[in-house]
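Visitor: After the sequence you'll find the predicted model.
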Amino acid sequence: MSLHDLPATLHRLVPLRAEVDLEALRHNVRVLQGRAGAAELIAAIKADAYGHGVIPITRVLVEEGVPRFAVANVPEGVELREAGIEAPVHVLGAPLPEYLPAYARYDLIVTVSSGDVAEAVIEAATKVGPLTAHLKVDTGMHRLGIPPDEVPPVLARLQETPGIEVEGLWTHFATLGDAFTTEQLARFDALVEQLDGIGRAGTHVTNTGTLFLVSGAVQGRAFVRAGGALFGLVDDPAVAAEADDLKPVMRLVSRVVHLQTVAAGETVSYGRTWTADQPTCIATVAAGYGDGLPRSLSNTGFVGIGGRLWPIAGRVCMDMLMLDLGSPEGPGASVQIGDEAVLFGPGGPSAAEVARQAGTITYALTSGLTARVPRLTIGEGSASAIPTPTGAKPDRVSV
Ligand SMILES: *Cc1c(COP(=O)(O)O)cnc(C)c1O
């Protein structure tokens, strides 16, 4: 039996939870649909919907009219099928040849990421049945894709093979709206112009950043791809300025489980990297790197309690971290055992602030939360009821 199989009622016996606000998600979908215009949204929900819990998230997206989804690999696609989601699902990763029968069996869209993959797809289509393909073009990211000059013959081979439907052509940007984005887009569109019967209307190129910053990446395209924006996750300041109407979906919150006052000269946590310069109130909060919190927040990050931000004192441990609440004569002295401690989201620092302090990005922060953290959905579309100290009504649990 794993943690995933334990009854949801046990989650009230741990202080830490990731609250997932489905109303904020619905709001963000509408913002993205507005940006997409006539293009259809492909919602990137890989890595358990960036750590938010893929099945409840996807159900809400389907209700909001999101027509397509993108995952990283076959098992993530199968998870959606097993949950009864029938919409088209793109698998963005490169297939190894032996994975191709599963694409046919689960009706997943294969990414043709090289000439060799194209040959494997052609062989599989004759053996295991029809496959839907999107061709990925490498315009400068140099992660996956076919170089532009090699695309025309590969595309022709795929198009003449019975049982293969080539539905689209796409590329992926390495930067967000700088001169190299323009260069990648120019390389891509020059190729598309050479190809008969595809046109811009058979293509897709965006991610969150370029959806907001590069109009040529959206207009006239069949689809827009976006993930982070759905969850209100934006790191880049220029994108954040354009996308200021997005709302954070996740709030990571724990509680104070221990309080003490340490004397001047005493140290806190492993390695004794923090020393009290005066008598200091220290709060212990149940959250650590075992939950996915970056250890690089040690002596650097902040946590919200009672509407104020308190600095992390000493090293972040696996299951706990300590906060410097200041002098016993100051406002920190009124913090109580059981008080909410907001790691990120409303009432604490934003996910983008925490990511910056930790030297990472918001996507890595939320997708890095471990299975130990219960995800509790709140808002319309949630199911059962779990009380929280705040009186919010998280009512569906998944881990
Ligand atoms: C994850 C991913 C996206 C979505 O990127 P966001 O910045 O989260 O919007 C788009 N395209 C590809 C290929 C991806 O892997």
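Guide: Right, received. Where do you want to start?
Visitor: ok and the residue in the stretch 251-399 of the chain nearest the ligand?
Guide: Among the residues of the stretch 251-399 of the chain, residue 363 lies closest to the ligand, at 6.4 Å counting by Cβ to the nearest ligand atom. Quick note: C-beta positions are derived from backbone N, CA and C, even for glycine.
Visitor: Mind checking the pLDDT average for whichever strand or helix holds that residue?
Guide: For residue 363, the element it lies in under DSSP states H and E is helix 362-367. Per-residue pLDDT over helix 362-367 has a mean of 98.
Visitor: Tell me the strands beside the helix or strand that it is followed by, with direction?
Guide: Sequence order places strand 375-378 as the next helix or strand after helix 362-367, per DSSP H and E. Next to strand 375-378 in the sheet, as set by DSSP bridges, lie strand 17-21 (parallel), strand 396-398 (antiparallel).
Visitor: Can you show me the CA trace of the longest one as CSV?
Guide: Pointing back at strand 17-21 there. Extracted in CSV, the C-alpha atoms of strand 17-21 (Å, rounded to 0.1, in the frame of the first residue of the first chain):
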residue,chain,number,x,y,z
ARG,A,17,-1.3,20.8,2.0
ALA,A,18,-1.3,22.2,-1.5
GLU,A,19,-4.6,24.0,-2.0
VAL,A,20,-5.6,24.0,-5.6
ASP,A,21,-8.1,26.8,-6.4
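Visitor: Can you spell out the domain ranges of the protein, please?
Guide: 22-235, 250-398 (automatic domain parsing).
Visitor: before we move on, the earlier item: select from the strands paired with strand 375-378 the stretch with the lowest mean pLDDT.
Guide: With a mean of 43, strand 396-398 has the lowest mean pLDDT of those.
Visitor: same for the helix holding residue 363, what does it pack against?
Guide: Applying 3 or more Cβ pairs under 8 Å, 6 or more residues apart in numbering; DSSP states H and E, one finds that helix 362-367 contacts helix 46-51, helix 351-358.
Visitor: One more pass at 10 Å, please.
Guide: Counting contacts by 3 or more Cβ pairs under 10 Å, 6 or more residues apart in numbering; DSSP states H and E, helix 362-367 is packed against helix 46-51, strand 250-262, strand 340-344, helix 351-358.
Visitor: and among the ones you listed, the most buried is which?
Guide: Comparing these by mean neighbour count (mean count of other Cβ atoms under 10 Å), strand 340-344 comes out on top with a mean of 25.
Visitor: helices and strands around that strand, which ones?
Guide: strand 17-21, strand 250-262, strand 280-285, strand 302-305, strand 321-324, helix 351-358, helix 362-367.
Visitor: again, 6 Å this time
Guide: strand 250-262, strand 302-305 (3 or more Cβ pairs under 6 Å, 6 or more residues apart in numbering; DSSP states H and E).
Visitor: still on that earlier bit, relative to residue 244, which of the domains of the chain is closest?
Guide: domain 22-235 (9.0 Å; Cβ to Cβ).
Visitor: First-to-last residue distance for that closest one?
Guide: Using Cα to Cα, to the nearest Å, one end of domain 22-235 lies 21 Å from the other.
Visitor: Please list all residues in contact with residue 206.
Guide: By Cβ atoms under 6 Å, 6 or more residues apart in numbering, the contact set of residue 206 is 217, 224, 225.
Visitor: Kindly present the residues you listed as TSV, with separate columns for pLDDT, neighbour count and distance to the ligand.
Guide: Output for these, formatted as TSV (pLDDT from 0 to 100; neighbours: other Cβ atoms under 10 Å; distance: Cβ to the nearest ligand atom, whole Å):
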residue	pLDDT	neighbour count	distance to the ligand
217	95	26	11
224	97	25	9
225	98	24	4
